[in-house]
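1. Predicted model follows, preceded by the sequence.
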Amino acid sequence: MPLSKLFSLARRYPLVPSMLTYSVLYPSANVVQQVYFREKTKQTGIDWKEVSRFWIYGGLFHAPLVYNWLKLAARLFPKDTITHLAAKVFMDQTCFAPVGLSMFYVGLSVLEGKDKEGIYKEWREKFPNTWATGVCIWTFLTAINFKFIPPHLRTVYVGICGFFWFTFLAYLKSTDTPWQSPVLRLVNHIASKSAS
């Protein structure tokens, strides 16, 4: 099949390349996390069931969520002005990011077979720090995305940039060690100094 035909199909069905991209990136990030950042993998080997959960979540749930969010943001703020760019970035971090991260923790916990209490406990412990860290990273990547990336490639751009983020998320998902965002540490430090 000629390359031009593939590009034509991708333009006609833009969600498909996004789903394929996330179906590769999410499980790949999980494998990288297991191999390079998880000690027990050296003894137990790669947990392929976990990899398959990341594959299912990334391709079937996260890709459509990101794709539809980017379309909605572009429709709500269609102009190429600094005001519309700022509005898209603000909405991304205050509306989409909490939903996307919640969906990540809840979706993978459901795929793991956790009960409601287990799902809520993990979300409550991990979501705030994950979101605070994401705000620092994704604010800039989102601005670049909406300013410079063509609309039909935005979901793929987010996926490629997100590979490192997905690796970090895989780490947070797999660890029982509490992660504290540097942002929240700074806020807590300032608050404790102000209270003194």
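-> Nice, I can see it. Numbering: from 1, shown residues only.

2. All the helices of the protein, residue numbers only.
-> 3-12, 15-37, 41-44, 48-56, 63-76, 82-91, 97-112, 116-148, 154-174, 182-195 (DSSP state H).

3. what angle do the worst-scoring helix or strand of the chain on mean pLDDT and helix 15-37 make?
-> Lowest by mean pLDDT, DSSP states H and E among the helices and strands of the chain is helix 3-12, with a mean of 72. Using axes from the mean of the first three to the mean of the last three CA atoms, to 10 degrees, one finds that helix 3-12 and helix 15-37 are set 100 degrees apart in direction.

4. From the contact counts, what lies against helix 3-12?
-> Judged by 3 or more CB pairs under 8 Å, 6 or more residues apart in numbering; DSSP states H and E, helix 3-12 is in contact with helix 15-37. Glycine gets a C-beta too; all of them are placed from N, C-alpha and C.

5. tell me the pLDDT at the residue nearest to residue 104 when sequence neighbours are not counted?
-> Using CB to CB, 6 or more residues apart in numbering and skipping residues adjacent in sequence, the residue nearest residue 104 is residue 169, 6.2 Å away. Model confidence at residue 169, given as pLDDT, is 93.

6. What's the separation between residue 169 and residue 107?
-> Taken as CB to CB, to the nearest Å, the spacing of residue 169 relative to residue 107 amounts to 12 Å.

7. the more surrounded of these two?
-> Regarding residue 169 and residue 107, a neighbour count based on other CB atoms under 10 Å identifies residue 169 as having more, with 24 against 19.

8. Touching, the more buried one and residue 130? I think so.
-> Yes: counting by CB atoms under 8 Å, residue 169 sits close enough to residue 130 to count as a contact (7.1 Å).

9. list the buried ones in stretch 122-142?
-> 122-123, 126-127, 129-134, 138, 141-142 (16 or more other CB atoms under 10 Å).

10. just stretch 94-113 next, same as before
-> By neighbour count, and taking 16+ other CB under 10 Å as the criterion, the buried residues in stretch 94-113 are 96, 97, 100, 101, 104, 105, 106, 107, 108, 109, 111.

11. ok, how many other residues are close to the spatially closest residue to residue 126 that is not a sequence neighbour?
-> Counting by CB to CB, 6+ apart, the nearest residue to residue 126 once its immediate chain neighbours are dropped is residue 172, at 5.6 Å. For residue 172, the neighbour count with other CB under 10 Å is 22.

12. What of residue 13?
-> 11.

13. same question, residue 80
-> With other CB under 10 Å as criterion, residue 80 counts 9.

14. ok, now which ones touch the residue nearest to residue 29 when sequence neighbours are not counted?
-> Sequence neighbours aside, residue 166 is the residue nearest to residue 29 in space, at 3.5 Å (criterion: CB to CB, 6+ apart). With contact set as CB atoms under 8 Å, 6 or more residues apart in numbering, residue 166 has these partners: 25, 26, 29, 30, 54, 58.

15. which among those residues gets closest to residue 41?
-> Nearest to residue 41, judged by CB to CB, of those is residue 30 at 10.9 Å.

16. who's in contact with that closest one?
-> With contact set as CB under 8 Å, 6+ apart, residue 30 has these partners: 50, 51, 54, 166, 167, 170.
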